[in-house]
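K.L.:
Okay, predicted coordinates and the sequence, questions at the end:
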2 protein chains.
Amino acid sequence: MDEPKQERAVKTRDGILHAAAEVFDECGFSGASISKIMNRAGVTQGGMYFHFKSKRGLAMAVMASQQDFVDPPKRSEGLQALIDLTFHLARELQRNVLFRASVRLAVEQGEFGVRSDTAYQEWVDHFLKHLRVARELGELLPDVDEAEFAMTLVGAYTGTQLYSNIASERKDLPRRVSLLWRFTLPAVATPEARERLRIHPGKSGLPV
Amino acid sequence: MDEPKQERAVKTRDGILHAAAEVFDECGFSGASISKIMNRAGVTQGGMYFHFKSKRGLAMAVMASQQDFVDPPKRSEGLQALIDLTFHLARELQRNVLFRASVRLAVEQGEFGVRSDTAYQEWVDHFLKHLRVARELGELLPDVDEAEFAMTLVGAYTGTQLYSNIASERKDLPRRVSLLWRFTLPAVATPEARERLRIHPGKSGLPV
């Protein structure tokens, strides 16, 4: 029976990933080291090497987990779903070190010789899906290009969470996300949709 | 006469700062080293030590130069001046390595143990000045809080230039800045002001 062995291997891998996320979140890619991560995870060199061959491999695995945090409880659709998603991500950034690390690595990826906007592009695609539903629901103003807005929002959101991180360790992020919507919705949503949409974290479809 | 000596010292210091900016822009703080910067600048250890005692001191000096790039040609006021400033900064990011490095260091400052939103806050204050003039000129909608918009715009702009950097090495930054205005102005400016404002890089008050 291999089951218990496999289970243990999965557990070890998860433990290493979590430790790596903590170290990347605190120190960035360059400041992190395999030995720091091994110590944090409490694994031997052999255990580490069985799962990950390099710091770069670890960083890629942490970054690849980014899209696991995408889905908030599905209680809304169209623009409200997109708004709820941005608040959901704000809370994940506050409490989930794996997500925080993956975002930091994506932002600072020049650091480890990767140069790809894949992580950004995945968010654009995800936002775009909600905007297409919003279009079908008649929530968008006629002159809005969904792809342009998705791209703009991903860029704006990235900087918003960075600034919030440095200003308050992301404590004020929900308020800043709320402001981002307050200053973009009039360009995007019909007056009828805006009347209905909830852009305050406490008032969105999600628990605070 | 000390003049020539002083002149030479200023020139050496400028040369070191420029070399440091190039290295920080390429490698980030952690990836940079004093010896790399010395080689790039073509100075001796003694020359370096006379001006800067540490990599951290160099990074602080590069960051402190950030606000030197603020002022575009003064051809406009109020909202148009703020819009022109954002296009001016986009061009400075494209062509000025010292500004690029200072922005990268400000974004990644966790890397070198500084944690302060001073760089962001200075931009907020700067943006706010233009927004106060815009208020006096009657360009802003009555329900707009200038401080909230300044903070939101600084965050959004930070992410916009990061995303543009990774997607196109900032070649598409002017277009993205233009989109940022297209998606925020309706929440901020009166219809009359919007009619007048130029939010395309080629059509603003500045040369492209």
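P.N.:
Right, received. Where do you want to start? Numbering: from 1, shown residues only, chains lettered A, B, ... in the order given.

K.L.:
do the lengthiest helix in chain A and chain B meet?
P.N.:
Longest helix in chain A by number of residues, with DSSP state H as the criterion: helix A:3-31. Yes - counting by Cβ under 8 Å from any Cβ of the partner chain, chain B has neighbours in helix A:3-31: A:28-31. All C-beta spots, glycine's among them, are computed from the backbone N, C-alpha and C.

K.L.:
residues of that helix that come out buried?
P.N.:
A:12-13, A:15-31 (16 or more other Cβ atoms under 10 Å in any protein chain shown).

K.L.:
now the residues of helix A:3-31 next to chain B in a markdown table, with pLDDT?
P.N.:
Below are the residues of helix A:3-31 next to chain B laid out as a markdown table (pLDDT from 0 to 100):
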| residue | pLDDT |
| --- | --- |
| A:28 | 83 |
| A:29 | 85 |
| A:30 | 80 |
| A:31 | 81 |
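
K.L.:
which helices and strands sit right next to the host helix or strand of residue A:155?
P.N.:
Using DSSP states H and E, residue A:155 falls within helix A:146-168. With contacts defined as 3 or more Cβ pairs under 8 Å, 6 or more residues apart in numbering or on different chains; DSSP states H and E, helix A:146-168 has these neighbours: helix A:78-95, helix A:97-107, helix A:118-136, helix A:173-188, helix B:118-136, helix B:146-168, helix B:173-182.

K.L.:
Tell me the buried residues in that helix?
P.N.:
The neighbour-count check on helix A:146-168 (16+ other Cβ under 10 Å) flags A:146, A:149-167 as buried.

K.L.:
repeat for stretch A:90-98
P.N.:
Using 16+ other Cβ under 10 Å as the test for burial, stretch A:90-98 gives A:90-94, A:96-98.

K.L.:
Chain B: which of those is nearest?
P.N.:
residue A:90 (12.6 Å; Cβ to the nearest Cβ).

K.L.:
Looking at the closest one now. What's its pLDDT?
P.N.:
Looking at residue A:90, its pLDDT is 95.

K.L.:
where in chain A is pLDDT low?
P.N.:
For chain A, applying pLDDT under 70 flags the ranges A:1-3, A:67, A:69-73, A:109-115, A:202-208.

K.L.:
how is it carved up into domains?
P.N.:
The record assigns chain A these domain ranges, following automatic domain parsing: A:3-64, A:65-203.

K.L.:
wait, is residue A:43 part of a helix?
P.N.:
No - assessed with DSSP: H, G, I helix; E, B strand; the rest coil, residue A:43 is coil; it does not lie in a helix.

K.L.:
Return the residues of chain A in contact with chain B.
P.N.:
A:28-31, A:107-111, A:115-117, A:120, A:148-149, A:151-160, A:162-164, A:166-167, A:176, A:179-180, A:182-188.

K.L.:
Give me the neighbour count for residue A:53.
P.N.:
11 (other Cβ atoms under 10 Å in any protein chain shown).

K.L.:
in a helix, that's where it is, yeah?
P.N.:
No - according to three-state DSSP, residue A:53 belongs to no helix; its state is coil.

K.L.:
what separates it from chain B, distance-wise?
P.N.:
Distance, residue A:53 to chain B, by Cβ to the nearest Cβ, to the nearest Å: 21 Å.

K.L.:
Phi and psi next, for that residue.
P.N.:
phi -90, psi -20 (degrees, to the nearest 10).

K.L.:
what's the spacing between it and residue A:20?
P.N.:
13 Å (Cβ to Cβ, to the nearest Å).

K.L.:
Quick one: residues in contact with stretch A:11-20.
P.N.:
When contacts are defined by Cβ atoms under 8 Å, 6 or more residues apart in numbering or on different chains, stretch A:11-20 is touched by residues A:32, A:37-38, A:40-43, A:47-48, A:50-52, A:58-59, A:61-62, A:65, A:97-98, A:101.

K.L.:
Of those, select the buried ones using a PyMOL command.
P.N.:
Under the burial definition 16+ other Cβ under 10 Å, those of the contacts of stretch A:11-20 that qualify are selected in PyMOL by:
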select buried, chain A and resi 32+37+38+40+41+43+47+48+51+52+58+59+61+62+97+98+101
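
K.L.:
Skipping adjacent residues, who's closest to residue A:54 in space?
P.N.:
residue A:34 (7.6 Å; Cβ to Cβ, 6 or more residues apart in numbering or on different chains).

K.L.:
The one you found and residue A:52, how far apart?
P.N.:
Distance of residue A:34 to residue A:52, given as Cβ to Cβ: 8 Å.

K.L.:
coming back round to it: what separates the longest helix of chain A from the chain centre, distance-wise?
P.N.:
How far helix A:3-31 lies from its chain's middle: 18 Å, per Cα atoms, centre = their mean, to the nearest Å.

K.L.:
what angle separates that helix from helix A:97-107?
P.N.:
Relative orientation of helix A:3-31 versus helix A:97-107 (axes from the mean of the first three to the mean of the last three Cα atoms, to 10 degrees): 40 degrees.

K.L.:
which residues are common contacts for residue A:34 and residue A:52?
P.N.:
Shared contacts of residue A:34 and residue A:52, counting by Cβ under 8 Å, 6+ apart, come down to residue A:58.

K.L.:
Tell me which residues are up against the strand or helix carrying residue A:37.
P.N.:
Using DSSP H and E, residue A:37 falls within helix A:34-41. Defining contact as Cβ under 8 Å, 6+ apart, one finds that helix A:34-41 is touched by A:15-16, A:18-20, A:22-23, A:27, A:44-45, A:48, A:54-55, A:58.
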